[in-house]
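> Just the structure for this:
(chains A, B, C and D)
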There are 2 protein chains.
Amino acid sequence: MPGNLDRRVRRTRQAIQRALVELILEKGYEAVTVTDLIDRADVGRSTFYAHFDGKQAVLFSNLSEIAFLHPPISADGPLFAFSLAMFEHVLEQRDLVRALLGRRSGRVVMAHGEQLLQDLIRDELLARGAGRSTSLELVVTCVVGAFMALLSRWVDEELTATPAELDAAFHAAVGPGVRAMLAQA
Amino acid sequence: MPGNLDRRVRRTRQAIQRALVELILEKGYEAVTVTDLIDRADVGRSTFYAHFDGKQAVLFSNLSEIAFLHPPISADGPLFAFSLAMFEHVLEQRDLVRALLGRRSGRVVMAHGEQLLQDLIRDELLARGAGRSTSLELVVTCVVGAFMALLSRWVDEELTATPAELDAAFHAAVGPGVRAMLAQA
DNA sequence: TGCATTACCGAACAGGTTGTTCGAGAGGAG
DNA sequence: CTCCTCTCGAACAACCTGTTCGGTAATGCA
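Numbering: from 1, shown residues only, chains lettered A, B, ... in the order given. Below is the predicted model of the structure:
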């Protein structure tokens, strides 16, 4: 009994989540209405609102399924080692990630994804000896921005590349600058 | 007679544009309705639709007022010299830029801003001898992402820094990596 | 298996938003 | 001063949202 939930509940929730991903990929997040959603999921209106507050809540419930956004922090070993593994995982769940973080996604979820990444990167730099400061925050922002931009354009298929190529480009772009900063501290 | 337009037209359009910026800063783009807009601008409903197709059209008409998004490309001199000037200009029109590119803005306008910046940066790298390739595109994406992330968090006041500090952080983060790439080619 | 519990359906509802239409009236250009 | 253009505001159909409710089915457990 996965999740210790009534089977009906599981089925209903999954149908709704799946439907949202499909619809986002078809029309874009903004254009998807709750009516679309319950129609596609084949679920009663009242049932929908019994489970979610609105379409945004469905979106976040989906986001929590992307577990690889929480990798362990590595203080030694190569810088930003999470990157390659993350691109590889994304490849496996491309549709879901595209719906959540791609061009057709919504503003809120993007911001949430950025927040997760931001904490991850800041923690790694702190573990590598950087001091808490405004300039650290600025660098973290740059690194997050670079990574998210790659991810977004990739899942939207504006970029054709393998995970290894993306990883290489990411490290080539921000690696030298970050290493120089760490060396100073 | 600025713009060779009827004074009434000028007044109406300006009132609407101004109202949208105010309302975005107050409630966020998504939450602003056309009804809010015409109410705040004190303009008749039919008048609004005589000028714009909807709130998104108003947003884009505002975006074209940010002229400093189109600086000249510099092939010699320091790398990414546009950056400092851009941050300084943003400081002068903070509210407008925050409404357009900050956290409360809409997805579409962000994408448009990224597009402008992307072309700018790609052109500069090409002028500095980089060859058209997938890996160039990847690097451009990283640089754009880093810059936009700084800009967004700054106008939202999540970061407290001077234009000079932002410029320094931007160059420190992506400068070394980009220079290394250019040296190879 | 039987039964109490829980979830679902679907229709109906009030309240809000959108985009359009139209005639009357005010404002600007020349 | 006059003509032309712009604006007003009300009214409209169409759509979306979030909630309510009684009836119906599925489920979990003893």
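> State the distance from the residue lying farthest from the centre of chain A to DNA strand C.
Distance from the C-alpha centroid of chain A peaks at A:Gln184, with 31.7 Å (C-alpha atoms, centre = their mean). Relative to DNA strand C, A:Gln184 is positioned 51 Å away (C-beta to the nearest atom of the strand, to the nearest Å). In short, each C-beta sits where N, CA and C put it, glycine included.
> Need the contact partners of stretch A:65-77.
With contact meaning C-beta atoms under 8 Å, 6 or more residues apart in numbering or on different chains, stretch A:65-77 is reached by A:81-82, A:85-86, A:89-90, A:93, A:96-97, A:100, A:113, A:116-117, A:120, A:123-124, A:127-128.
> What is the end-to-end distance of that stretch?
End-to-end span of stretch A:65-77 (C-alpha to C-alpha, to the nearest Å): 28 Å.
> next one: it to chain centre, how far?
13 Å (C-alpha atoms, centre = their mean, to the nearest Å).
> can you check stretch A:104-122 too?
6 Å.
> Show me what counts as buried in it.
Residues of stretch A:104-122 classed as buried under the neighbour-count rule (16 or more other C-beta atoms under 10 Å in any protein chain shown) are A:104-110, A:112-114, A:117-118, A:120-122.
> So which of these are in helices?
The members of the buried residues of stretch A:104-122 that map onto helices under DSSP state H are A:Arg107, A:Val108, A:Val109, A:Met110, A:His112, A:Gly113, A:Glu114, A:Leu117, A:Gln118, A:Leu120, A:Ile121, A:Arg122.
> What sits closest to the most centrally placed residue in chain A if chain neighbours are left out?
Nearest to the geometric centre of chain A sits A:Gly113, at 4.6 Å (C-alpha atoms, centre = their mean). Distances taken as C-beta to C-beta, 6 or more residues apart in numbering or on different chains place A:Leu101 nearest to A:Gly113, at 5.5 Å, with adjacent residues excluded.
> The one you found: neighbour count?
Neighbour count of A:Leu101, defined by other C-beta atoms under 10 Å in any protein chain shown: 24.
> and it, what pLDDT?
Predicted confidence (pLDDT) for A:Leu101: 91.
> go on, A:Gly3?
63.
> ok, now A:Val109?
87.
> Might one say that A:Gly175 is in contact with A:Ser83?
No: the criterion here is C-beta atoms under 8 Å, and A:Gly175 misses it with A:Ser83 at 10.0 Å.
> So which of those two has more stuff around it?
When neighbours are counted by other C-beta under 10 Å, A:Gly175 and A:Ser83 differ, and A:Ser83 comes out ahead with 23 against 19.
> Please name the spatially closest residue to the more buried one (chain neighbours excluded).
A:Asp167 is the one closest to A:Ser83 (C-beta to C-beta, 6+ apart), at 4.9 Å.
> Find the helix or strand that the one you found is a member of.
In the assignment (DSSP states H and E), A:Asp167 maps to helix A:163-184.
> and the angle for that helix with helix B:163-184?
120 degrees (axes from the mean of the first three to the mean of the last three C-alpha atoms, to 10 degrees).
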